[in-house]
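Engineer: Curious how this folds, go ahead:
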Amino acid sequence: MRKLLLALFAAGAVSAAAPAQAQIQLGETGLTATVTGTFASDYLFRGLSQTRSRMAYQAGAEVEHSSGLYVGTFISNVRFLGTDARQEVDVYGGYRFTAFETKFDIGFIGYLYPGYTAPVGGIPRLDFWEGYIMAKREIGPVTLSAAFHASPDFFGTSGQAFHLQGGVDYATGIWDVTVAGRVGHQWIERNAVFAAPDYAWWSIGLSRPFVIPNVGTVTATVAYYQSSISTGRCFPTATGGQDVCGARAYGSLSMAF
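Structural biologist: Okay, here's the model as predicted:
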């Protein structure tokens with residue numbers, strides 16, 4: 001049971017597509033608040049389902065200073081087999097700056113699971129944290145991005161973990177549609193504890209914003225995800241692997257408040 005529970009989390013605070021955002025200037029303080037909300041067919045992160053293929057309801061809030069410093073939070077429902085964890089609350093902060101015509105983002109993120117009760121002989125804790133560095137550069141209608149995450153002690157004390165991701169977004173200029181592709185690789189020190197091998201994943205999707213008068217902006221996204229983990233090695237149970245690693249379609253509606 002310990003191995004099964006450890007395997008179900010693939011670490012993530014970002015939904016499959018960038019949600020719509022509403023920026024609010026907070027007077028003359030130099031602060032800008034951003035609020036987001038997402039209704040999705042699944043909570044997919046790094047190619048794996050965090051809700052066991054169920055619907056996801058997510059919200060986020062962030063405050064950024066004109067200096068580039070920022071703090072924020074992200075909330076989502078989760079569902080890990082055999083645990084009573086039902087929500088994930090992430091807190092993060094960092095610094096954004098531009099150099100060599102490239103936007104950089106350096107920070108830390110903590111993954112918290114309030115309400116989780118550790119069973120006897122089970123996972124002692126779910127909470128953990130990661131440090132990250134991200135870069136993004138726009139070249140005409142194309143945006144290139146890269147991200148690196150590192151954790152000193154990954155989910156369920158599975159040791160050091162590293163994740164590397166690259167992405168390409170292309171603004172087609174047709175009906176405001178953007179085509180986005182992502183590819184990543186997750187390394188985990190103690191695969192036997194995590195109960196899953198190191199793996200690669202990739203996705204491709206389409207998104208389009210819609211402005212609703214007197215309401216806000218809604219962004220619709222459809223995407224396809226796939227990982228390199230076979231069914232038999234996808235957090236195996238007595239009845240076989242779980243359906244959280246397999247290829248799947250994804251859809252979401254994100255709204256700015």
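Engineer: can you pull the contacts of G30?
Structural biologist: 65-67 (C-beta atoms under 8 Å, 6 or more residues apart in numbering). Glycine gets a C-beta too; all of them are placed from N, C-alpha and C.
Engineer: where are the low-confidence patches of the stretch 151-257 of the chain?
Structural biologist: Scanning the stretch 151-257 of the chain for pLDDT under 70 picks out 238-240.
Engineer: For the contacts of G30, pick the one with the most neighbours.
Structural biologist: H65 (15 neighbours; other C-beta atoms under 10 Å).
Engineer: quick one: it from T29, how far?
Structural biologist: To T29, H65 is 8 Å away according to C-beta to C-beta, to the nearest Å.
Engineer: which residues of the chain fall in helices?
Structural biologist: Ranges of helices in the chain, per DSSP state H, are 2-7, 191-194.
Engineer: next one: the last one to chain centre, how far?
Structural biologist: In other words, helix 191-194. Distance of helix 191-194 from its chain centroid, counting by C-alpha atoms, centre = their mean, to the nearest Å, is 21 Å.
Engineer: what comes up buried for it?
Structural biologist: 191, 193-194 (16 or more other C-beta atoms under 10 Å).
Engineer: leaving aside the residues next to it on the chain, what's closest to A223?
Structural biologist: Among residues not flanking A223 along the chain, G205 sits closest, at 2.8 Å (C-beta to C-beta, 6 or more residues apart in numbering).
Engineer: How about the contacts made by the one you found?
Structural biologist: Taking C-beta under 8 Å, 6+ apart, we find G205 in contact with 16-17, 179-181, 221-224, 250.
Engineer: so which of these is the most crowded?
Structural biologist: A16 (27 neighbours).
Engineer: one step back: ok, the contacts of G205 vs M55, which is closest?
Structural biologist: M55 lies nearest to Y250 out of these, by C-beta to C-beta, at 11.4 Å.
Engineer: Strands of the stretch 101-250 of the chain, start to end?
Structural biologist: 102-112, 128-139, 142-151, 161-171, 178-188, 199-212, 216-227, 248-256 (DSSP state E, counting those that start in this stretch).
Engineer: now these as a markdown table including distance to D84?
Structural biologist: Shown next, in a markdown table, are the strands of the stretch 101-250 of the chain (distance: least, C-beta to C-beta, whole Å):
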| stretch | distance to D84 |
| --- | --- |
| strand 102-112 | 15 |
| strand 128-139 | 18 |
| strand 142-151 | 23 |
| strand 161-171 | 24 |
| strand 178-188 | 24 |
| strand 199-212 | 27 |
| strand 216-227 | 26 |
| strand 248-256 | 25 |
